[in-house]
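**Q** Output the structure for:
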Amino acid sequence: MGLRFPNIRLSSFAAGLIALTALAGCGSDKELAYKEQSVYEIYSQAVAYVEDDRYTDAAKYFDEVERQHPYSVWATTAKLMSAYSFYHANQYDEAVTRLDRFISVHPGNRDIAYAYYLKALCFYEQIADVRRDQEETRKALEALQDVVTRFPTTPYGRDARLKLDLTRDHLAGKEMDIGRFYLSRRHYLAAVNRFKTVIDVYGNTSHVPEALHRLNEAYTALGLYDQAQKAAAVLGYNYTASDWYKDSYGLAGSAQKRVAKIEPISAITPVPPESSPKSAGTGDNPSADKEKLAAPPSPTDTITPPSPVPAEGSASAKKPWYKFW
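**A** Model (predicted):
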């Protein structure tokens, strides 16, 4: 289901006006050839195109309302509806341009909250896979936060909060992807910096348990066993039931054994992402997964974990997709 119109009764307005003579045809240019018409004729044709899902054509006619009748009461509404039409046509840059102009010229308009929200959606719907550049994701985060800050009690603010959580989770996923790459290439310090960013900046996302486990791996590879134990302890304290904790628990114990035998640091090899334990959630070998997780780590050959008291709100399952309309 698409977005609803922001306090604009288009259908009722259009019902008595669609029969009027409209501008004929639509060229490929962004701006229509000038042909003087009344505001009612132009606006009603734009509405007709919206109802027929011809959003690019609708945007041209909404722009034409402002061009021919800039001082009419419908010109302000037409600016917002032009952005709305470009948004639905997936022409996000055009939509954002018009929304920025609407926001700067009409900051006190009754639909200003919707304008900010629609701008955030333009960035939000361009969020790409974590393996690609996340510039649009960062813009979405900033725009959604703007909506939450300015209009916290509106329906737009409440929906923006949910989308904000998903956006932050996505940015954390990008940091994890880069960190795993560095870890697999044995660039341990670079990997540590990425995983610490996930923990410090995106601490309420679903990626924190894995980030703590990967820190354990990286520190172990560097021979920094105290830091590795601390990462495992934090993971165990907050995410006792996590599969990542079971892996870190065993890894820390193995590191202690190697230290006791005075093994060289080079003998300690972290588990790279490509061959990570099946309990890490890859799902490639369910039977081995089940067998591994059936028996908890033995306390005789691992470190003693802290008391399993999860921190409040530690559940990391990603929230389901939410649609406001």
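
**Q** ok, which stretches of the chain are helices?
**A** 10-15, 39-51, 55-68, 73-88, 92-105, 112-124, 135-150, 155-184, 188-201, 208-222, 225-238, 243-260, 286-294 (DSSP state H).

**Q** what is the mean pLDDT for the fourth one?
**A** So that's helix 73-88. Averaging pLDDT along helix 73-88 gives 93.

**Q** now for that helix, which elements pack on it?
**A** helix 39-51, helix 55-68, helix 92-105, helix 112-124 (3 or more C-beta pairs under 8 Å, 6 or more residues apart in numbering; DSSP states H and E). Yep, even glycine has a C-beta here, placed from its N, CA and C like the rest.

**Q** residues making contact with the last one?
**A** By C-beta atoms under 8 Å, 6 or more residues apart in numbering, the list of residues contacting helix 112-124 from outside reads 3, 6-7, 80, 83-84, 87, 92, 95-96, 99-100, 102-103, 106, 109, 136-137, 139-140, 143-144, 146-147, 150-151, 154, 156-157, 159-160, 163, 167.

**Q** Filter the residues you listed down to the buried ones.
**A** Among the contacts of helix 112-124, those buried by neighbour count (16 or more other C-beta atoms under 10 Å) are 6, 80, 83-84, 87, 92, 95-96, 99, 102-103, 109, 136-137, 139-140, 143-144, 147, 151, 154, 156-157, 159-160, 163, 167.

**Q** quick one: least confident helix or strand in the chain?
**A** Lowest mean confidence among the helices and strands of the chain (mean pLDDT, DSSP states H and E): helix 10-15, at a mean of 42.

**Q** how far away is residue 171 from residue 119?
**A** 19 Å (C-beta to C-beta, to the nearest Å).

**Q** higher neighbour count, those two?
**A** Legend: neighbour count by other C-beta atoms under 10 Å for residue 171 and residue 119, higher for residue 119 (26 against 22).

**Q** Skipping adjacent residues, who's closest to the more buried one in space?
**A** Spatial nearest neighbour of residue 119, chain neighbours left out: residue 99 (4.4 Å); criterion: C-beta to C-beta, 6 or more residues apart in numbering.

**Q** Read off the pLDDT value for that neighbour.
**A** On the pLDDT scale, residue 99 gets 96.

**Q** How much space separates it from residue 124?
**A** For residue 99, the distance to residue 124 - C-beta to C-beta - is 13 Å.

**Q** ok, now residue 219?
**A** 36 Å.

**Q** Report pLDDT for residue 157.
**A** Reading off the model, residue 157 has pLDDT 93.

**Q** where does the chain dip in pLDDT?
**A** By pLDDT under 70, the weakly predicted segments of the chain are 1-36, 252-325.

**Q** go again using 90 as the cut-off
**A** By pLDDT under 90, the weakly predicted segments of the chain are 1-41, 66-73, 128-134, 203-204, 223, 225-226, 228-229, 231-233, 235-325.

**Q** tally of neighbours for residue 73?
**A** 8.

**Q** An error on my part: the question was meant for residue 142.
**A** By other C-beta under 10 Å, 12 other residues sit near residue 142.

**Q** Enumerate every residue touching it.
**A** Going by C-beta under 8 Å, 6+ apart, the list of residues near residue 142 is empty.

**Q** With residue 62 instead?
**A** Taking C-beta under 8 Å, 6+ apart as the criterion, residue 62 is in contact with 43, 46, 78-79, 81-82, 85.

**Q** repeat that with 6 Å
**A** 46, 78, 81-82 (C-beta atoms under 6 Å, 6 or more residues apart in numbering).

**Q** do the same with residue 74
**A** Neighbouring residues of residue 74 by C-beta under 6 Å, 6+ apart: 39, 43, 65.

**Q** Next: residue 140.
**A** Residue 140 touches 123-124, 167, counting by C-beta under 6 Å, 6+ apart.
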